[in-house]
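*Asks:* Provided below are the primary sequence and the corresponding predicted coordinates.
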Amino acid sequence: EDRHSAFRILSEACPDCIENLKLDDDSWEKFASESECEQHFPQCALDAATDVQQLLAVMTLRPDRMMSALNRFCCRVLELNAIAPSAVKLSTIFEEETSATLPVLMLTTTGMDPSKDILELATVAVGAEKYNELAMGGGQQELAAKMLAEAMKNGTWLCLKNLHLVVAWLPTLEKALSSTKPHPDFRLWLTTEAHTKFPAILLQQSFKMTFESPPGIKKNLQNTYTGWKPEYISLGSKQRSRLLFLLAYFHAIIQERRNYIPQGWTEAYEFSPADLRVAANVVEASLGPDAVAAGLKLQWELFHGMLENALYGGRGFQ
């Protein structure tokens, strides 16, 4: 009955659309039965109907596929491969985009801290002993200037976090970067949340990227598995691999629910990759190669309790 009503509205508002779709063609029966109908439009409709008219057909006949149809429509019209591109590894950015004179400015959202990922990259690329980081704010400007000068001289990596807390000091940072020739191995990583008074010159001098939760459960899972190398997944038992997938899926769901406040969560809880990382460490401690060799088994009640009351639940559920 709902579809009859929707079809009547479409035929009254857009009679040309009904004519171009040629709904009396028998091939529409296959369209109606396909699980991904937006990919199986009858040829008669593809030849005569516009992209918008095809979108209206999905909205009228198969509203359950509207989100996917909108995605395909935007990709086709804007000539994109995907609305949300795949996650880019920090290692790729380091190898292809960075230089001693080009800082990497990472725009973050509340609860997202890329410093752990930068540390892991630095450990592999140059060694943890050549990486330093400093959280800005609370009168750390003088120490930051000293650490920057030493890093530029010695060719080490430096990460300055939370620049949005010290926007008045950023012209000093700009001057230091432009007036000193750094060591070729020097790399500067900067993190900040959006701020209306952030200096435009520093933005122009930096390689800019966002660090936020990927949109959608699928993209979130892909992002997680991009960070988990195949070697890491294959270690240990099959039970461990399955549990890691369940953990990644759970993490994606609770992050996605933040888009539906107050139905999803009552507040915008700051779930971050750090929560997933710590939970994965718990799995590793119980089901990793060392744990298997020692004869340890995962205590399900303990693991569930840690997730509920400490790791994720510790964010303050009401």
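*Replies:* Received the coordinates, thanks.
*Asks:* Roughly how far does Thr101 sit from Gln205?
*Replies:* 9 Å (C-beta to C-beta, to the nearest Å). Every residue, glycine included, has its C-beta placed from N, CA and C.
*Asks:* swap in Leu56?
*Replies:* 47 Å.
*Asks:* wait, what's in contact with Tyr131?
*Replies:* With contacts defined as C-beta atoms under 8 Å, 6 or more residues apart in numbering, Tyr131 is in contact with 118-119, 122-123, 156-159.
*Asks:* And for Phe73, the neighbour number?
*Replies:* 17 (other C-beta atoms under 10 Å).
*Asks:* quick one: low-confidence parts of the stretch 1-150 of the chain?
*Replies:* Applying pLDDT under 70 to the stretch 1-150 of the chain flags the ranges 1-2, 84-87, 111.
*Asks:* Let's see that with 80 instead.
*Replies:* The stretch 1-150 of the chain contains residues with pLDDT under 80 at 1-3, 82-89, 109-113.
*Asks:* what about the helices in it?
*Replies:* 2-13, 15-21, 28-33, 43-48, 51-61, 66-78, 90-96, 115-125, 141-154 (DSSP state H, counting those that start in this stretch).
*Asks:* and the top helix by length along the chain, which residues are buried?
*Replies:* Secondary structure of the chain per DSSP state H: the longest helix is helix 238-256. Buried positions in helix 238-256, judged by neighbour count with 16 or more other C-beta atoms under 10 Å: 240-241, 243-244, 247-248, 251-252, 254-256.
*Asks:* possible to save the helices of the stretch 1-150 of the chain as JSON lines with distance to Lys297?
*Replies:* Output for the helices of the stretch 1-150 of the chain, formatted as JSON lines (distance: least, C-beta to C-beta, whole Å):
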{"stretch": "helix 2-13", "distance to Lys297": "52"}
{"stretch": "helix 15-21", "distance to Lys297": "60"}
{"stretch": "helix 28-33", "distance to Lys297": "47"}
{"stretch": "helix 43-48", "distance to Lys297": "57"}
{"stretch": "helix 51-61", "distance to Lys297": "50"}
{"stretch": "helix 66-78", "distance to Lys297": "42"}
{"stretch": "helix 90-96", "distance to Lys297": "35"}
{"stretch": "helix 115-125", "distance to Lys297": "29"}
{"stretch": "helix 141-154", "distance to Lys297": "45"}
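*Asks:* For Ala135, which of the ones you listed is the nearest?
*Replies:* helix 115-125 (8.5 Å; C-beta to C-beta).
*Asks:* what helices or strands is that closest one leaning on?
*Replies:* Applying 3 or more C-beta pairs under 8 Å, 6 or more residues apart in numbering; DSSP states H and E, we find helix 115-125 packed against helix 90-96, strand 131-135, strand 157-161, helix 273-287.
*Asks:* orientation of that helix relative to strand 157-161 in degrees?
*Replies:* Per axes from the mean of the first three to the mean of the last three C-alpha atoms, to 10 degrees, the angle that helix 115-125 makes with strand 157-161 is 180 degrees.
*Asks:* quick one: helix 115-125 to helix 273-287, angle?
*Replies:* Using the same axes, to 10 degrees: helix 115-125 against helix 273-287 is 60 degrees.
*Asks:* Dump stretch 168-187 to PDB, keeping only the CA atoms.
*Replies:* Extracted C-alpha coordinates of stretch 168-187, given in PDB (Å, rounded to 0.1, in the frame of the first residue of the first chain):
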ATOM      1  CA  ALA A 168      48.700  32.800  19.700                       C
ATOM      2  CA  TRP A 169      52.100  31.000  19.800                       C
ATOM      3  CA  LEU A 170      51.900  29.600  16.300                       C
ATOM      4  CA  PRO A 171      53.400  32.600  14.500                       C
ATOM      5  CA  THR A 172      56.600  31.900  16.500                       C
ATOM      6  CA  LEU A 173      56.400  28.300  15.200                       C
ATOM      7  CA  GLU A 174      56.100  29.600  11.600                       C
ATOM      8  CA  LYS A 175      59.100  31.900  12.100                       C
ATOM      9  CA  ALA A 176      61.200  29.000  13.500                       C
ATOM     10  CA  LEU A 177      60.300  26.800  10.500                       C
ATOM     11  CA  SER A 178      61.000  29.400   7.900                       C
ATOM     12  CA  SER A 179      64.300  30.800   9.300                       C
ATOM     13  CA  THR A 180      66.100  27.500  10.000                       C
ATOM     14  CA  LYS A 181      67.500  25.000   7.600                       C
ATOM     15  CA  PRO A 182      66.600  21.600   9.100                       C
ATOM     16  CA  HIS A 183      68.500  18.300   9.000                       C
ATOM     17  CA  PRO A 184      67.300  16.200   6.000                       C
ATOM     18  CA  ASP A 185      65.900  13.500   8.400                       C
ATOM     19  CA  PHE A 186      63.900  16.000  10.500                       C
ATOM     20  CA  ARG A 187      60.100  15.400  10.400                       C
END
